[in-house]
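Chemist: One predicted model, sequence on top.
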Amino acid sequence: MIAAGTEEAQRFRLLAVDDDQVRDDFAAAVRHGLLQRNKMLPCRYLYDARGSLLFEEICRQPEYYLTRAEQEILDARAGEIAARVPPDTTIVELGAGSAKKTRTLFDAFFSRAPGTRAPRLRYVPIDISRAMLAASGRRLVEEYPRLEVQALAAEYRAGLAALGPSEARPKLVLWLGSNVGNFRRADAARFLASVRRRLGAADRLLMGVDLRKSPAVLEAAYDDAAGVTARFNRNLLARINRELDGEFDLERFAHRARWHERRGAVELALVSVGAQRVAIRALGIELAFADGEAIHTESSYKYSAGELARLAAASGLRVETRWRDDAHRFALVLLAPRVTRARRRRAAARGRPVSPPARGR
Ligand SMILES: C[S@@+](CC[C@H](N)C(=O)[O-])C[C@H]1O[C@@H](n2cnc3c(N)ncnc32)[C@H](O)[C@@H]1O
């Protein structure tokens, strides 16, 4: 706990949407998702305070290779990444969570100018999980005396929109943990295009992407033997019980993780064990579930090298560098804004020429 008025407190700010708004958005999403013919709940609601802690536990499961593979790449490449952006860069992180892996980048930035000679580094984590942001922000300013944390507890788009004019400074945007996989492919391209519009020519986006591999390995990663992912998934129903006075019996919903070949995604669902009716009192609704009926809770799209290149191109980005872990399970890609001829012409007409377009790989 940081005491008010201390030096650490001055380096940590948390801006959050008010609690009533969060509750209203959750209530509207639950109503909309569960009254559909194919019931679904948006995966961002998996991350309340309890869900965020369960996700941390998932990262420690032997089957969940994603975190370790991404960490392996960061351990090998953080110095190289830090060297590619200016020293006064602001690091903006989408879906930062506990920012455990981000520390590898902070270490690399600060080791360029150790001690008090290091310029202050500004870090803007954006995450829907306010509890996790508050806890990790406090820890970060204690651990790194030259770090300033301006946390935004918000959905990605609202967080990006809230970035102030100071973000005209050089930026490195991080989107780690293969969070991009939670977007359908076309939506991922649309979202990345909106990120790209916020990037200046020297800014970069570092994105972690899980690669296509054997369905058995993928399904195990989302259905660990210790049952942590199952608890994480069911916590969504527990959250409805807690926040919306729901009456879900968690024992009567089974966790399912299944590879969907055509989509190229692992699909998570909660499947009704037997026919049942469930009331959600705060919404004034009662739902009927048939035996075996599923509530879709998360998609995790996986990428091949070709799909990744197409995603970058469709988003107005070019792959500057792509690194993989030794076992080629995961990729970390450094993306730069693609400069089109039209943009160069417009910039030249304004008397502010931009560097020529680099070719994507
Ligand atoms: C899979 S975890 C990854 C956490 C961390 N980046 C890592 O690599 O370990 C996803 C994180 O993104 C956040 N998140 C998910 N959907 C979000 C959304 N739509 N807007 C903002 N944050 C979101 C969650 O709260 C969670 O912290």
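Modeler: On my side now, so go ahead.
Chemist: How about the stretch 151-300 of the chain: which residue is closest to the ligand?
Modeler: The stretch 151-300 of the chain approaches the ligand most closely through Gly177 (2.4 Å), counting by CB to the nearest ligand atom. All C-beta atoms are positioned from the backbone trio N, CA, C, and that covers glycine.
Chemist: doesn't Thr67 make contact with that residue?
Modeler: Yes - using CB atoms under 8 Å, Gly177 is in contact with Thr67, at 7.4 Å.
Chemist: Between the two, which contacts overlap?
Modeler: Shared contacts of Gly177 and Thr67 (CB atoms under 8 Å, 6 or more residues apart in numbering): Lys101.
Chemist: circling back: which SS state does the residue of the stretch 151-300 of the chain closest to the ligand fall under?
Modeler: Assigned state for Gly177: coil (three-state reduction, DSSP: H, G, I helix; E, B strand; the rest coil).
Chemist: count of residues packed around it?
Modeler: Per other CB atoms under 10 Å, the neighbour tally for Gly177 reads 22.
Chemist: Nearest residue to it in space, please, no chain neighbours.
Modeler: Excluding its sequence neighbours, the residue lying closest to Gly177 (CB to CB, 6 or more residues apart in numbering) is Gly208, at 5.8 Å.
Chemist: all helices of the stretch 151-300 of the chain, in order?
Modeler: 156-161, 185-196, 215-221, 228-244 (DSSP state H, counting those that start in this stretch).
Chemist: Would you mind finding the most buried of the ones you listed?
Modeler: helix 228-244 (a mean of 20; mean count of other CB atoms under 10 Å).
Chemist: hang on, isn't Val173 packed against Gly200?
Modeler: No - assessed by CB under 8 Å, Val173 is found out of contact with Gly200, at 11.2 Å.
Chemist: Which one's more surrounded, the two?
Modeler: Between Val173 and Gly200, counting by other CB under 10 Å, Val173 is the more crowded of the two (24 against 12).
Chemist: Please name the bridge partners of the more buried one.
Modeler: Following DSSP bridges, Val173 is listed with bridge partners Val92, Leu205.
Chemist: May I have the predicted confidence score for it?
Modeler: Per-residue confidence at Val173 stands at 97 (pLDDT).
Chemist: cool, Ala168 as well?
Modeler: 68.
Chemist: residues contacting Leu199?
Modeler: Leu199 touches 171, 173, 205, 336-337, counting by CB under 8 Å, 6+ apart.
Chemist: and if you look at Leu211?
Modeler: Here Leu211 is in contact with 302-305, 324, 328-331 (CB under 8 Å, 6+ apart).
Chemist: Please could you give me each C-alpha atom of stretch 29-45, formatted as PDB?
Modeler: Extracted as PDB, the C-alpha positions of stretch 29-45 are listed here (Å, rounded to 0.1, in the frame of the first residue of the first chain):
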ATOM      1  CA  ALA A  29     -24.000  -7.300 -22.100                       C
ATOM      2  CA  VAL A  30     -25.300 -10.200 -20.000                       C
ATOM      3  CA  ARG A  31     -28.900  -9.500 -20.900                       C
ATOM      4  CA  HIS A  32     -28.000  -9.100 -24.600                       C
ATOM      5  CA  GLY A  33     -25.800 -12.200 -24.700                       C
ATOM      6  CA  LEU A  34     -28.000 -14.600 -22.800                       C
ATOM      7  CA  LEU A  35     -31.200 -13.700 -24.500                       C
ATOM      8  CA  GLN A  36     -29.800 -14.600 -27.900                       C
ATOM      9  CA  ARG A  37     -30.600 -17.900 -29.600                       C
ATOM     10  CA  ASN A  38     -26.900 -18.900 -29.400                       C
ATOM     11  CA  LYS A  39     -26.000 -17.800 -25.900                       C
ATOM     12  CA  MET A  40     -22.800 -15.900 -25.400                       C
ATOM     13  CA  LEU A  41     -21.000 -13.700 -22.900                       C
ATOM     14  CA  PRO A  42     -18.100 -11.300 -24.000                       C
ATOM     15  CA  CYS A  43     -14.800 -12.600 -22.800                       C
ATOM     16  CA  ARG A  44     -13.700  -9.200 -21.400                       C
ATOM     17  CA  TYR A  45     -16.100  -9.900 -18.500                       C
END
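Chemist: follow-up on the earlier one: run a quick neighbour tally on the residue nearest to Gly177.
Modeler: Gly208: 24 neighbours (other CB under 10 Å).
Chemist: what do you get for Arg138?
Modeler: 18.
Chemist: before we move on, what about the one 3 residues further on?
Modeler: Per other CB under 10 Å, the neighbour tally for Val141 reads 21.
Chemist: Can I take it that it is in a strand?
Modeler: No - checked against three-state DSSP, Val141 lies outside a strand; its state is helix.
Chemist: Identify the residues contacting the closest residue to Val273 other than its chain neighbours.
Modeler: With sequence-adjacent residues excluded and distances taken as CB to CB, 6+ apart, Val273 is closest to Arg252, at 4.7 Å. With contacts defined as CB under 8 Å, 6+ apart, the neighbours of Arg252 are 272-274, 276.
Chemist: measure the residue nearest the centre of the chain to Ser304 for me?
Modeler: With distances taken as CA atoms, centre = their mean, Gly95 lies nearest the centre of the chain, 3.4 Å away. Distance, Gly95 to Ser304, by CB to CB, to the nearest Å: 23 Å.
Chemist: Below-threshold pLDDT in the stretch 1-150 of the chain: ranges please.
Modeler: 1-4, 114-118 (pLDDT under 70).
Chemist: Please list the residues of it that sit near the ligand.
Modeler: Contact residues, the stretch 1-150 of the chain versus the ligand (CB under 6 Å from any ligand atom): 44, 47, 52, 55, 67, 95-97, 101, 127-129, 132.
Chemist: picking that back up, could you measure from the residue nearest to Gly177 over to Glu93?
Modeler: 11 Å.
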